[in-house]
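Chemist: Here you go, sequence then predicted model.
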Amino acid sequence: MIGGIQNIARIPELRARILFTFGMLAVYRVGCAVVTPGINTNVIRDFFEQMSGTAFGMFNLFSGGALQQMSIFSLGIMPYISATIIFQLLTVVIPQLEQLKKEGEQGQKKINQWSRYATIVLALFQGMLIATALENGQFGQGAVMNPGWGFRLMTMITLTTGTAFIMWLGEQVTERGIGNGISLVIFSSIVVAIPSGMFQMFDLIQTDQFSPLQAIFLLGFMLALIAGVVFVERAQRRIPIQHARRVVGKRVTQGGMSYFPLRVNTAGVIPPIFASSLLMIPSTLRQFTESPELQQAIDQYMNPGGFQYNLVYMGLIIFFCFFYTSIMINPVDVSENIKRFGGYIPGIRPGANTADHIDKVLSRLTFVGAVYVAVICIVPVILAGRMNIPFYFGGTALLICVGVSLDTIGQIEAHLVSREYDGFVKGGRVRGRLGR
């Protein structure tokens with residue numbers, strides 16, 4: 001580990017990329033502290049302290065506390081993620097988008113550009129909803145100093161500009177830094193809440209509201225959960241593909257064995273994010289409605305942490321795991337690509353039989369992955385409710401942190417291996433010249 005860090009310091013390009021990434025994330029954290037004009041932050045902070053265990057607490061966590069302070073980055077990167085997911089779903093429904101996606105890099109650039117435009121539209125809409133909710137006192141009475149259309153327009157423009165800046169910042173990190181910029185923005189928002197959670201836990205232990213034995217059990221459970229997530233996220237089911245010997249003109253391509261890897265959790269963190277977004281609707285209606293019957297029904301059946309809520313949450317996660325995996329991997333397209341490059345699965349006939357085999361393996365693997373994601377997302381919530389943990393402790397945040405960490409470490413290792421390989425080749429050439 002120490003040797004790897006020393007190697008990073010010796011490579012100027014990698015060192016510059018890492019420093020650039022930290023610099024951009026520091027800019028993002030500064031922006032999270034800049035309050036939207038015309039807001040009484042004390043009222044907003046009191047509201048979110050009461051809603052820490054609900055879906056509002058989760059979205060506040062993903063924004064790095066910016067939503068609790070109602071800063072210019074309150075919307076975070078969620079509108080961009082929503083727009084990207086919407087266009088991924090539309091590629092299945094609209095043939096023109098599907099054809100554009102198959103065109104390669106140029107087609108993907110155009111889809112990404114449309115996603116950016118959709119992000120601005122979503123951010124404007126969400127900014128308008130937040131401004132209206134603030135004026136109506138849904139986040140606490142007296143949250144707005146000077147209500148009116150001037151405040152609404154200013155809030156819409158401010159929050160939309162903040163989301164656009166985060167989107168640009170993430171793209172800059174992806175291009176000039178290390179790792180995926182958008183994922184690192186969410187990762188930093190989650191990680192920044194860890195110190196405050198530790199201090200809260202320490203204060204509870206000092207006031208005898210939380211026993212040291214409970215704290216040790218919670219720490220051990222979290223470490224075991226992280227180890228399990230790392231193990232499953234790196235797990236793959238590799239389908240063997242045999243390539244036949246091919247003769248193209250005077251060139252002979254030797255056959256061999258390769259593998260088509262299928263991840264256990266192909267859908268990643270998209271299913272719990274989708275499920276949480278849908279389950280956010282009843283909580284939102286609960287805050288904005290004045291009907292006692294509807295409020296009572298939501299409190300009874302859709303209370304976060306309740307049995308019905310967790311059951312629906314698990315069902316939605318499993319459904320979206322299958323749904324999103326079917327979008328990410330098309331067995332028919334995979335079968336055609338294997339056949340086009342002269343390969344076949346041993347014991348399986350090319351064509352429809354190969355597609356059926358891949359679909360069968362993928363379905364079984366997706367079921368295991370869906371149950372795994374559902375358990376990871378539900379168990380921490382149940383445990384947090386039983387132990388009265390004062391901060392948000394959810395599996396979705398854990399999946400994001402572990403996934404982003406593994407991806408970033410993988411990119412750093414790729415840079416290190418590439419640089420070591422270049423050095424070895426240059427050294428070999430020098431030794432060859434000296435030998436002559």
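Modeler: Arrived safely, thanks for sending.
Chemist: Tell me the secondary structure of Q242, please.
Modeler: State at Q242, reduced to three classes by DSSP: H, G, I helix; E, B strand; the rest coil: strand.
Chemist: which phi and psi does the nearest residue to it once chain neighbours are set aside have?
Modeler: Distance criterion CB to CB, 6 or more residues apart in numbering; nearest residue to Q242, sequence neighbours excluded, is P346 at 5.3 Å. (C-beta placed from N, C-alpha, C; glycine too.) With angles defined as degrees, to the nearest 10, P346 sits at phi -60, psi 130.
Chemist: for the strand or helix carrying I298, packing partners?
Modeler: Per DSSP states H and E: I298 is located in helix 292-301. When contacts are defined as 3 or more CB pairs under 8 Å, 6 or more residues apart in numbering; DSSP states H and E, helix 292-301 packs onto helix 270-288.
Chemist: so for the helix it packs on, what's the average pLDDT?
Modeler: Summarised as a single mean, pLDDT over helix 270-288 is 74.
Chemist: I'd say I77 and W168 touch.
Modeler: No - using CB atoms under 8 Å, I77 is not in contact with W168; the gap is 11.0 Å.
Chemist: These two - which one has more neighbours?
Modeler: I77 (24 against 13; other CB atoms under 10 Å).
Chemist: And the pLDDT for that one?
Modeler: We have a pLDDT of 84 for I77.
Chemist: do F139 as well
Modeler: At F139, the pLDDT value in this model is 71.
Chemist: what does the one 10 residues further on give?
Modeler: In this prediction, W149 carries a pLDDT score of 87.
Chemist: how about the helices of the stretch 1-150 of the chain, start to end?
Modeler: Along the stretch 1-150 of the chain, the stretches classed as helices by DSSP state H, counting those that start in this stretch are 2-10, 12-31, 41-50, 55-62, 66-69, 78-93, 95-101, 105-135, 149-176.
Chemist: mind putting those helices in TSV, distance to A275 included?
Modeler: As requested, the helices of the stretch 1-150 of the chain are exported to TSV (distance: least, CB to CB, whole Å):
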stretch	distance to A275
helix 2-10	37
helix 12-31	26
helix 41-50	22
helix 55-62	10
helix 66-69	20
helix 78-93	13
helix 95-101	24
helix 105-135	19
helix 149-176	22
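Chemist: Out of these, which is the most enclosed?
Modeler: Of all those, helix 66-69 has the most neighbours on average by mean count of other CB atoms under 10 Å, namely a mean of 24.
Chemist: Which elements pack onto that one?
Modeler: Using 3+ CB pairs under 8 Å, 6+ apart: helix 66-69 touches helix 41-50, helix 55-62.
Chemist: Lowest average pLDDT across the ones you listed?
Modeler: Ranked on mean pLDDT, the bottom entry among the helices and strands packed on helix 66-69 is helix 55-62, at a mean of 66.
Chemist: just to revisit the earlier point, now the helix holding I298: mean pLDDT?
Modeler: Average pLDDT, helix 292-301: 76.
Chemist: can you check stretch 312-320 too?
Modeler: Stretch 312-320 shows a mean pLDDT of 89.
Chemist: Excluding chain neighbours, what is closest to L204?
Modeler: Closest to L204 by CB to CB, 6+ apart is F210, at 3.8 Å.
Chemist: And the one you found, how far from S63?
Modeler: 27 Å (CB to CB, to the nearest Å).
Chemist: Same check on N42?
Modeler: N42 is 18 Å from S63, by CB to CB.
Chemist: what's around L294, how many residues?
Modeler: L294 has 13 neighbouring residues, counting by other CB under 10 Å.
Chemist: just the one 3 residues further on next, same as before
Modeler: For A297, the neighbour count with other CB under 10 Å is 14.
Chemist: now S418
Modeler: S418: 12 neighbours (other CB under 10 Å).
Chemist: Go ahead and list the helix or strand containing the closest residue in space to N303 that isn't next to it in sequence.
Modeler: In space, and not counting its chain neighbours, N303 is closest to Y309: 5.9 Å by CB to CB, 6+ apart. Following DSSP H and E, one finds Y309 within helix 307-328.
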